[in-house]
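A.B. asks: the sequence and its predicted three-dimensional model are supplied below.
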Amino acid sequence: MIDGHGDPNAEQAYQEAVEALYAVAYKLKFASKKTLGKDYVVPPLEGLWWSEDMETFTTRRDKRAWNWTMMIMQPDWITPGMFETACQQVDAKKDLPALPLLRLETYHEGLAVQILHVGSYDDEGPTLARMHEAFIPQHGYEMVGKHHEIYLSDPRRTAPEKLKTVLRQPVQKAGS
């Protein structure tokens, strides 16, 4: 995981964070295969998003106000020691400014509502509004925690209108 703030399309820190995440994720994958005999597919990039005002996601889409935690899930057999070794190996070969900010942490989301969004990230607003303003309250829930996205498509290889993103929102029963 790695934390940041601001527009992911404009902030250099965002690009640096994603680059560090992938570098370590692939180093861990190859180390796992070589030392443990366990191979796996590196999971998709995920992001937690939040701000002081949730309208920045749905109505205003003011990305400059967003906070984020970007992450790539790791198998449960990846240990803190393996993570530290991978970070050291990546650091020895690449100059990645965000690497010191990277951490290995367990994330527990709990109950969540999710929907598949097909289309540009910039077109998520109406889908989010449908989920946040209609579905969640109509079914007796309220939002808790950070908005969560799982990026199933590679934006470098997929047309914006065909991008697939799982949009998740942690919830609890209203009044809990």
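C.D. replies: Great, that's in hand.

A.B. asks: run a quick neighbour tally on V144.
C.D. replies: Counted with other C-beta atoms under 10 Å, residues neighbouring V144 total 14. Placement of C-beta: from N, CA and C, glycine included.

A.B. asks: how about the longest strand along the chain: buried residues?
C.D. replies: In the chain, with assignment by DSSP state E, the single longest strand is strand 164-173. Of all the residues in strand 164-173, those buried under the rule 16 or more other C-beta atoms under 10 Å are 165-171.

A.B. asks: quick one: strands adjacent to it?
C.D. replies: Applying DSSP bridges to the sheet, strand 164-173 is found paired with strand 112-118 (antiparallel), strand 141-143 (antiparallel), strand 147-151 (antiparallel).

A.B. asks: nearest to G125, of those?
C.D. replies: Nearest to G125, of all the strands paired with strand 164-173, is strand 112-118, at 10.1 Å by C-beta to C-beta.

A.B. asks: CA-only coordinates of whatever helix or strand comes next after the closest one in CSV, if you can.
C.D. replies: Sequence-wise, the next helix or strand downstream of strand 112-118 (DSSP states H and E) is helix 125-129. The C-alpha trace of helix 125-129 is given here as CSV (Å, rounded to 0.1, in the frame of the first residue of the first chain):
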residue,chain,number,x,y,z
GLY,A,125,-20.0,9.9,-11.4
PRO,A,126,-23.5,8.7,-12.3
THR,A,127,-22.7,5.1,-11.4
LEU,A,128,-21.4,6.2,-8.0
ALA,A,129,-24.4,8.5,-7.5
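
A.B. asks: got a list of contacts for stretch 124-143?
C.D. replies: Here stretch 124-143 makes contact (C-beta atoms under 8 Å, 6 or more residues apart in numbering) with 54, 57-59, 61, 113, 115, 117, 147, 165, 167, 169-176.

A.B. asks: domain map for the chain?
C.D. replies: Listed domain ranges for the chain are 1-107, 110-176 (source: automatic domain parsing).

A.B. asks: okay, how far is it across the shortest one, tip to tip?
C.D. replies: Just to be clear, that refers to domain 110-176. 14 Å (C-alpha to C-alpha, to the nearest Å).
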